[in-house]
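1. My questions concern the predicted model and sequence given below.
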Amino acid sequence: MSTEDSLFSVAGKRALVTGGSRGIGRAIAEALVRAGAEVIITSRKRQDLDETAASLAESGSCTAIAADLASPDGVSDLVAAVERRWDRLDLLVNNAGATWGAPLQDFPVAGWDKVFDTNVRGVFLLTTGLLDLLRAAAKEDDPARVIVIGSVDGLRVPELSWDNYPYSASKAAAHMLTRHLAARLAPEHITVNAIAPGFFESRMTSFLLDDGGREDLAGIVPLGRIGRPEDLGGVTLFLASRAGAYLTGTVVTVDGGVTLAASSPSDLVRLI
């Protein structure tokens with residue numbers, strides 16, 4: 001293996017990707033599997049999960065564990081299941097997420113609870129629950145890695161007609177949690193970084209991409225297109241490999257330049 005190949009290699013690493021049955025999680029899991037990592041994917045829906053795992057396993061090692069990470073018991077069950085399979089964890093990708101939209105004055109408490117329970121508390125509980133396995137993989141020259149999937153909505157005010165208040169707040173919280181955990185775990189050779197995606201094809205963005213919305217949206221992204229699976233896969237491989245071993249506490253924005261033009265939401269509002 002050449003120096004360049006080994007620098008970005010994740011071959012033989014063990015990775016857990018939450019929310020891995022579709023969208024961003026699937027894109028990340030597929031990149032890791034194709035690069036030679038052993039991958040476990042999780043999600044709540046067993047049928048989608050098993051179908052994705054079977055598909056990805058055609059390219060490498062991928063298995064599935066159903067889990068509901070909005071529940072502390074669900075997190076505990078997942079931790080126990082991973083511990084039964086593996087004695088170390090090289091990479092944890094906290095991708096599972098929830099969103100909720102409702103008018104400002106009618107926004108329900110249940111929406112806040114669901115989103116924060118998954119997007120913030122679930123990230124914290126799963127990361128701390130798996131610390132022993134992460135510590136078992138951690139080395140000074142090759143740290144164990146935690147990646148938190150945030151959002152550009154946690155970096156700038158979302159479009160004015162998107163009434164997803166807890167989602168944007170939770171992603172800002174996830175970015176800060178990333179930094180806090182990074183500072184705490186750096187002495188143990190565990191890095192914690194976040195990826196803040198822009199517009200990618202997923203269940204959460206499907207309402208934007210239907211009925212010609214894809215072309216309209218691509219037209220206001222500075223790079224002229226929405227994100228592709230390999231855009232997220234490449235950043236993940238960088239953060240998970242030796243190439244990214246000296247990064248911790250960072251939030252990597254992968255948005256085609258959307259946040260560069262985020263001072264005024266007027267262009268995006270017209271899409272809704």
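-> Cool, got the structure.
2. Output the one helix or strand Ala29 maps to as CSV, nothing but the C-alphas.
-> Following DSSP states H and E, one finds Ala29 within helix 23-34. Output of helix 23-34 as CSV, limited to C-alpha atoms (Å, rounded to 0.1, in the frame of the first residue of the first chain):
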residue,chain,number,x,y,z
GLY,A,23,-29.9,9.1,3.3
ILE,A,24,-26.8,10.6,4.9
GLY,A,25,-26.2,7.6,7.2
ARG,A,26,-26.4,5.1,4.3
ALA,A,27,-24.0,7.3,2.2
ILE,A,28,-21.5,7.3,5.1
ALA,A,29,-21.9,3.6,5.8
GLU,A,30,-21.4,2.7,2.2
ALA,A,31,-18.2,4.7,1.9
LEU,A,32,-16.8,2.9,5.0
VAL,A,33,-17.8,-0.5,3.8
ARG,A,34,-16.3,0.0,0.3
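3. Can you point out the buried residues in that helix?
-> Residues 23-33 are the ones in helix 23-34 that count as buried (16 or more other Cβ atoms under 10 Å). All C-beta spots, glycine's among them, are computed from the backbone N, C-alpha and C.
4. pLDDT and distance to Lys13 added to these, as JSON lines?
-> Below are those laid out as JSON lines (pLDDT from 0 to 100; distance: Cβ to Cβ, whole Å):
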{"residue": "Gly23", "pLDDT": "93", "distance to Lys13": "22"}
{"residue": "Ile24", "pLDDT": "95", "distance to Lys13": "19"}
{"residue": "Gly25", "pLDDT": "96", "distance to Lys13": "17"}
{"residue": "Arg26", "pLDDT": "96", "distance to Lys13": "18"}
{"residue": "Ala27", "pLDDT": "96", "distance to Lys13": "17"}
{"residue": "Ile28", "pLDDT": "98", "distance to Lys13": "13"}
{"residue": "Ala29", "pLDDT": "98", "distance to Lys13": "13"}
{"residue": "Glu30", "pLDDT": "98", "distance to Lys13": "15"}
{"residue": "Ala31", "pLDDT": "98", "distance to Lys13": "12"}
{"residue": "Leu32", "pLDDT": "98", "distance to Lys13": "8"}
{"residue": "Val33", "pLDDT": "98", "distance to Lys13": "11"}
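5. between those residues, which is nearest Asn193?
-> Asn193 lies nearest to Ile28 out of the buried residues of helix 23-34, by Cβ to Cβ, at 13.1 Å.
6. before we move on, what SS does the spatially closest residue to that closest one that is not a sequence neighbour have?
-> With Cβ to Cβ, 6 or more residues apart in numbering as the criterion, Ile28 has its nearest non-adjacent residue at 4.9 Å, and that residue is Thr236. Secondary structure assignment for Thr236 (DSSP: H, G, I helix; E, B strand; the rest coil): helix.
7. for Val17, same thing?
-> strand.
8. Can you say which helix or strand has the closest residue to Thr99 other than its chain neighbours in it?
-> Excluding its sequence neighbours, the residue lying closest to Thr99 (Cβ to Cβ, 6+ apart) is Tyr167, at 4.4 Å. Remark: Tyr167 resides in helix 165-185, with elements defined by DSSP H and E.
9. Identify the residues contacting that helix?
-> Outside helix 165-185, the residues that touch it by Cβ atoms under 8 Å, 6 or more residues apart in numbering are 94, 98-100, 104, 107, 111-112, 115-116, 119-120, 123-124, 127, 131, 146, 148-151, 153-155, 157-158, 191-194, 196, 248-249, 251.
10. Now list the buried members of these.
-> 94, 98-100, 107, 111, 115-116, 119-120, 123-124, 127, 131, 146, 148-151, 153-155, 158, 191-194, 196, 248-249, 251.
11. Can you list which of the contacts of helix 165-185 are found in strands?
-> Counting by DSSP state E, the part of the contacts of helix 165-185 found in strands is 94, 146, 148-149, 191-194, 196, 251.
12. If you count neighbours, what's buried in the helix or strand following the helix holding Ala29?
-> Next helix or strand after helix 23-34 toward the C-terminus (DSSP H and E): strand 38-43. Using 16+ other Cβ under 10 Å as the test for burial, strand 38-43 gives 38-43.
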